[in-house]
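A.B. asks: have a look; sequence and predicted model below, questions after that.
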Amino acid sequence: MDNPAAGRIFAVMEHDCDILIVGGGLNGPALALACAKAGLSSIVVDALPEAARQAGDFDGRSYALALSSVRMLARLGLWETLEPNAQAMREIKVTDGRVGEAKVFLGLHFDSAEIEEGPMGQMLEDRHLRRALLDAMDAAPLVTHHASSTVIAQQMTQDSVTVTLDNGKTLSARLLIGADGRQSGTAARAGIRRTGWRYGQTALVCAIAHERSHGGVAHQFFMPAGPLAILPLPGNRSSIVWSESDQRARAIHALSDEDYLKVLCPRFGDFLGEISLAGQRFTYPLGLTLANAFVAERLALVGDAAHGMHPIAGQGLNAGLRDVAALADVLTQAKARGEDIASPLVLERYQQWRRFDTASLAAATDLFNRLFSNDNPLLRLGRDLGMAAVNALPGLRRNFMREAAGITGDLPELMRH
C-alpha cells in the first residue's frame, strides 16, 4: 500500500536544506539561527568572503538595537557574548534647531527610568554583531554558510526551489528567502516590483571620540537639511548619522578629516568637549523603498529586501529583525502542524503580519523627515509645540518610549520578555 507520508519525507530528504537564504549580512544569519531552533535546516548564500565578514577592525558602523531586538538576540543565545561590547541608551533627547544653535530648544526628553522594562535599547558596533552571528552559524549543525557565492538564477517547482550560483553549482530547498538588500536580486527574479522615492538627502556616517562622557544619552538634532543623530558607544565614543542634501554631502565627504570635523563641529556643538574621528567615514543615499509584495511562490522577503526607510527613527535593522522573528514564528507553527512551510497559506500569514506594520513605520518616517527637514517658520512652530506637548504628558511620553523600544503591538515569540 502506498504511504503518502513516506513520499513527503522522501521529497524533503531530496532537498539540500529546508530554507535557502540569499544574503549573509545580519538578517539572513539571524533567520537561519531562529529557524534552527525549530529544527529547520538552512543554507546562507553570502556574496562576501568570510574573512571580510570576520574583520575585527572598527570601521565606525553601529546599530541602535531596540529592546525587542536585544531580547531576540538573547533568545538566540548571542547577547551574553555581545553585552560586554554594548552601550545602553538610558536617555534620548530630541532637539529642533539650526547649525550653531541646535540645543536652544529641547523638544523631547525620554528617560528609561520612567518605564519598568529598563533601557530602551543598546548601541552595538557592526563588527561585534557580525562576528557573533558568524560564530553562531558555525556552531549550529543545521546551518551552512556559503561565502563568496552569488545567486544568478532561481527556479520554482510545485514542491521545491532551485538556485544556481555563479560557480555553476545548484542548491535546492523548500523555501527561498530574499535577505539581499534594497536592490534584491531575489525579489527582482521573482517579478516583485518596488514602490519608493529618493529624498535628495545623503547620510554621512562615522564614529567620533570625545573628551567628556555621554552618560548613555542619545541625541537627535533636527536641522533644516536633515537630522543629526549622536548615539552613545562604549567609552567616550559616539556614532554619528548626519543627513545633508546630496550635493552638500558629496562636498563634505570629499573633505580631509580635519576639514570634515570643522563642518561637523558647529552642528555637533561642544557639550562633549573636543572631538576627533574614530574609524572610517561612509555615505549612503536616503530614500524610501517598499516591495509591492513580501511573498511569492515559495519565496519570502525580509529586511531591506522587503523595505528600506529613512534612518530618522533608527528602525531599519530593528524592522528587519522583527521580520525575521515573525517569519520564524510562522514557519515554526507551520512545521508543528505538519504544513508545507512554503505553501501560499503559510507565507500569507507572514505577509499579513508584517506588511501593515512596515507600511505604517515607513509612512511615519517619511512624514517625520518631511516635517522636520526644513526651516519653514510655521512648521517649525507647530513641531516644537507638538514636542513640548508630548514632553508635558507622562503617559503619552511613556507610550512613545515603549514604541521606540519595540515592545508594543503583536510581538513575535522571540521578542517577548
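C.D. replies: Ah, there it is.
A.B. asks: may I see the buried residues of the helix or strand that contains Arg349?
C.D. replies: Assigned by DSSP states H and E, Arg349 falls within helix 344-372. Judged by neighbour count using 16 or more other C-beta atoms under 10 Å, the buried positions of helix 344-372 are 346-347, 349-351, 353-355, 357-358, 361-362, 364-366, 368-369, 371-372. The C-beta positions use only the backbone N, C-alpha and C, and glycine is treated the same way.
A.B. asks: what about Glu14, how many residues nearby?
C.D. replies: 10 (other C-beta atoms under 10 Å).
A.B. asks: got a list of what the closest residue to it other than its chain neighbours touches?
C.D. replies: Spatial nearest neighbour of Glu14, chain neighbours left out: Ser172 (7.3 Å); criterion: C-beta to C-beta, 6 or more residues apart in numbering. Counting by C-beta atoms under 8 Å, 6 or more residues apart in numbering, Ser172 touches 14-16, 20, 160-163.
A.B. asks: what's the closest non-adjacent residue to Arg397?
C.D. replies: Excluding its sequence neighbours, the residue lying closest to Arg397 (C-beta to C-beta, 6+ apart) is Val390, at 5.9 Å.
A.B. asks: how about the CA coordinates for the helix or strand hosting the one you found, as CSV?
C.D. replies: Using DSSP H and E, Val390 maps to helix 377-392. The C-alpha coordinates for helix 377-392 follow below in CSV (Å, rounded to 0.1, in the frame of the first residue of the first chain):
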residue,chain,number,x,y,z
PRO,A,377,8.7,79.0,10.4
LEU,A,378,5.1,77.7,10.7
LEU,A,379,6.2,74.1,10.5
ARG,A,380,8.9,74.8,13.0
LEU,A,381,6.5,76.4,15.4
GLY,A,382,4.0,73.5,15.0
ARG,A,383,6.5,70.7,15.5
ASP,A,384,8.1,72.5,18.5
LEU,A,385,4.7,72.9,20.2
GLY,A,386,3.9,69.3,19.4
MET,A,387,7.1,68.0,21.0
ALA,A,388,6.5,70.2,24.0
ALA,A,389,3.0,68.8,24.4
VAL,A,390,4.3,65.2,24.3
ASN,A,391,7.0,66.1,26.8
ALA,A,392,4.5,67.5,29.2
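A.B. asks: how far does it sit from the chain's center?
C.D. replies: 29 Å (C-alpha atoms, centre = their mean, to the nearest Å).
A.B. asks: buried sites along that helix?
C.D. replies: 380, 383-384, 387, 390-391.
A.B. asks: any idea of the mean pLDDT in that helix?
C.D. replies: Helix 377-392 shows a mean pLDDT of 71.
A.B. asks: quick one: contacts of it?
C.D. replies: Applying C-beta under 8 Å, 6+ apart, the external contacts of helix 377-392 come out as 94, 96, 105, 107-109, 222, 371-372, 396-397, 400.
A.B. asks: go on, stretch 309-317?
C.D. replies: In contact with stretch 309-317 (C-beta under 8 Å, 6+ apart) are residues 26-27, 63-66, 69, 199, 203, 227, 229, 231, 241, 243, 286-288, 303-304, 308, 319, 361-362, 364-366, 368-369, 372, 404.
A.B. asks: in helices only, show me those.
C.D. replies: Of these, the ones assigned to helices by DSSP state H are 27, 69, 319, 361-362, 364-366, 368-369, 372, 404.
A.B. asks: from those residues, which has minimum pLDDT?
C.D. replies: Phe372 (73).
A.B. asks: the lengthiest strand in the chain packs against which elements?
C.D. replies: Secondary structure of the chain per DSSP state E: the longest strand is strand 194-210. Judged by 3 or more C-beta pairs under 8 Å, 6 or more residues apart in numbering; DSSP states H and E, the packing partners of strand 194-210 are strand 237-245, helix 246-253, strand 275-277, strand 282-291.
A.B. asks: list the buried ones in it?
C.D. replies: 194, 199, 201-210.
A.B. asks: return the alpha-carbon coordinates of that strand using CSV.
C.D. replies: The C-alpha coordinates for strand 194-210 follow below in CSV (Å, rounded to 0.1, in the frame of the first residue of the first chain):
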residue,chain,number,x,y,z
ARG,A,194,9.0,48.1,-5.7
THR,A,195,7.5,51.5,-4.8
GLY,A,196,9.6,54.3,-3.5
TRP,A,197,11.5,57.5,-4.0
ARG,A,198,14.7,59.4,-3.2
TYR,A,199,14.7,62.2,-0.6
GLY,A,200,17.5,64.2,-2.2
GLN,A,201,19.4,63.6,1.0
THR,A,202,22.6,61.6,1.8
ALA,A,203,23.6,60.2,5.2
LEU,A,204,27.1,60.9,6.4
VAL,A,205,28.1,58.1,8.9
CYS,A,206,31.1,58.0,11.1
ALA,A,207,32.2,57.5,14.7
ILE,A,208,33.8,60.1,16.9
ALA,A,209,35.8,60.1,20.1
HIS,A,210,35.1,62.9,22.6
